[in-house]
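>>> Using only what follows, build the 3D model:
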Amino acid sequence: MSTGSIIRNRTTGRDESSMENFDNKIAVVTGGGTGMGRELVCQLITAGAHVAMCDVSQENMDETRRLAGAKDRLLTDHICDVSQESQVLRFRDEVLAQHETQHINLLFNNAGIGGGGSFVEGDRDEWERTFAVCWEGVYFGCRAFMDALVASDEGHIVNTSSVNGFWASLGTTQAHTSYAAAKFAVKGFTEALITDLRLHAPHVQCSVVMPGHIGTSIVENSSKVLGKAAGMDLPAEEVATVRERMLAAGLPVGNVPDDHIRQMLADRAEAFRTEAPTTAATASSVILDAVRNNQWRVLIGQDAHDLDRLVREAPHEAYEKSMIDKINELKHLGGLL
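Here you go, the predicted structure:
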């Protein structure tokens with residue numbers, strides 16, 4: 001039986017429901033090994049849901065399981081690279097079998113990585129790998145689990161985009177094409193799903209999440225997924241590229257030793273996680289509240305709200321230095337650059 005409130009769809013005359021609580025609901029979370037995915041798993045378990053999570057790291061999922069303390073709720077973990085459709089389909093089959101069900105209620109397409117900066121000069125494999133995880137992971141997840149969502153009495157899809165889903169930039173000195181293109185795709189796809197679901201499955205809702213700077217380990221995790229060296233192991237040619245970018249941004253690093261730049265990058269990755277204005281736990285709470293309130297557009301963090309406002313106020317300036325100046329005036333937006 002549905003536990004949500006009923007909303008009448010004026011176009012179709014059918015009933016839509018908002019999911020007010022998660023007790024005994026079945027939830028699927030991709031990227032459940034760290035960051036927002038881990039927090040979603042823990043908070044869903046606390047709220048009474050049964051959860052299936054996937055990740056590329058069993059070690060990380062083991063830690064999520066320890067933190068979640070599932071007790072009387074079923075929590076299953078599954079190794080899955082969401083950029084590979086065959087693995088996502090296997091993940092779905094395992095979920096339905098282990099949870100002894102033909103339906104799920106909640107799908108959180110959360111897995112993602114950074115990378116793939118320049119389309120013009122960057123490494124093609126890295127570019128396509130980043131795009132595949134961030135976009136195809138969402139697409140394959142929705143494809144694989146759609147029938148199970150439709151089979152439920154109430155369902156909700158949550159697709160994680162980014163502020164880079166409406167602002168495709170990290171500033172004027174750094175290319176950011178693959179990640180931004182993928183996140184734009186996620187946002188557009190999810191918005192298009194709103195009408196599709198209202199017409200063909202009105203008991204299933206969807207939301208697009210656009211976080212600002214959230215305290216996660218995405219920097220380190222992305223390097224691992226992309227098979228790249230990081231920190232003090234960064235090769236000399238990549239240090240040279242970083243040095244050029246820093247010089248273009250006006251940083252006096254022309255005579256700084258390579259190891260100093262490596263340490264600066266390692267420190268920045270750590271600071272990205274520990275000094276973020278919004279924690280992964282807070283972000284996950286915002287997401288779950290949005291599901292409860294049937295909110296389709298979810299900005300997370302004051303930085304996300306402010307950046308959204310700036311881009312809407314002056315869209316023609318979005319990729320000009322004047323926009324960066326406006327962002328820099330708002331100190332809390334610094335983590336986005």
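>>> Now do the phi/psi pair for Gln102.
Dihedral pair for Gln102: phi -110, psi 10, per degrees, to the nearest 10.
>>> distance of the spatially closest residue to it that is not a sequence neighbour from His305?
Once flanking residues are discounted, Gln102 sits nearest to Ala151: 5.5 Å by C-beta to C-beta, 6 or more residues apart in numbering. Glycine gets a C-beta too; all of them are placed from N, C-alpha and C. Separation of Ala151 from His305 (C-beta to C-beta, to the nearest Å): 36 Å.
>>> what's the answer for Gly122, then?
Taking C-beta to C-beta, one finds Gly122 at 31 Å from His305.
>>> Same drill for those two, tell me which one is more crowded.
Per other C-beta atoms under 10 Å, whichever of Gly122 and His305 has more neighbours is Gly122, with 17 against 14.
>>> which ones are touching that one?
Gly116, Ala175, Thr177, Ser178 (C-beta atoms under 8 Å, 6 or more residues apart in numbering).
>>> Compare these and tell me which is most surrounded.
Gly116 (29 neighbours).
>>> How about it, nearest residue that isn't a chain neighbour?
Leaving out its chain neighbours, the residue that sits closest to Gly116 by C-beta to C-beta, 6+ apart is Ser178, at 2.6 Å.
>>> which element is the one you found on?
helix 177-200 (DSSP states H and E).
>>> Give the buried residues for that helix.
177-187, 189-190, 193, 197-198 (16 or more other C-beta atoms under 10 Å).
>>> Any regions of the stretch 101-250 of the chain where pLDDT drops low?
216-231, 245, 249 (pLDDT under 70).
>>> can you pull out the strands in it?
106-109, 155-160, 204-211, 214-215 (DSSP state E, counting those that start in this stretch).
>>> Throw those strands into CSV and include mean neighbour count and distance to Ile261, thanks.
Output for the strands of the stretch 101-250 of the chain, formatted as CSV (neighbours: other C-beta atoms under 10 Å; distance: least, C-beta to C-beta, whole Å):
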stretch, mean neighbour count, distance to Ile261
strand 106-109, 27, 35
strand 155-160, 26, 31
strand 204-211, 25, 28
strand 214-215, 24, 24
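>>> Pipe those strands into a markdown table and attach distance to Arg262 per row.
Formatted as a markdown table, these follow (distance: least, C-beta to C-beta, whole Å):
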| stretch | distance to Arg262 |
| --- | --- |
| strand 106-109 | 34 |
| strand 155-160 | 30 |
| strand 204-211 | 28 |
| strand 214-215 | 22 |
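>>> Which of these sits closest to Tyr319?
strand 204-211 (18.0 Å; C-beta to C-beta).
>>> strands paired with the closest one, and their directions?
Applying DSSP bridges to the sheet, strand 204-211 is found paired with strand 155-160 (parallel), strand 297-300 (parallel).
>>> how far off helix 177-200 does that strand point, in degrees?
160 degrees (axes from the mean of the first three to the mean of the last three C-alpha atoms, to 10 degrees).
>>> With just CA atoms, put strand 204-211 into CSV.
Taking C-alpha atoms only, strand 204-211 is exported to CSV below (Å, rounded to 0.1, in the frame of the first residue of the first chain):
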residue,chain,number,x,y,z
VAL,A,204,6.9,7.0,-10.5
GLN,A,205,8.5,10.4,-9.9
CYS,A,206,12.0,11.7,-10.7
SER,A,207,14.4,14.3,-9.5
VAL,A,208,17.6,15.8,-10.8
VAL,A,209,20.2,16.6,-8.1
MET,A,210,22.7,19.5,-8.7
PRO,A,211,25.2,19.6,-5.9
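>>> No more questions from me, cheers.
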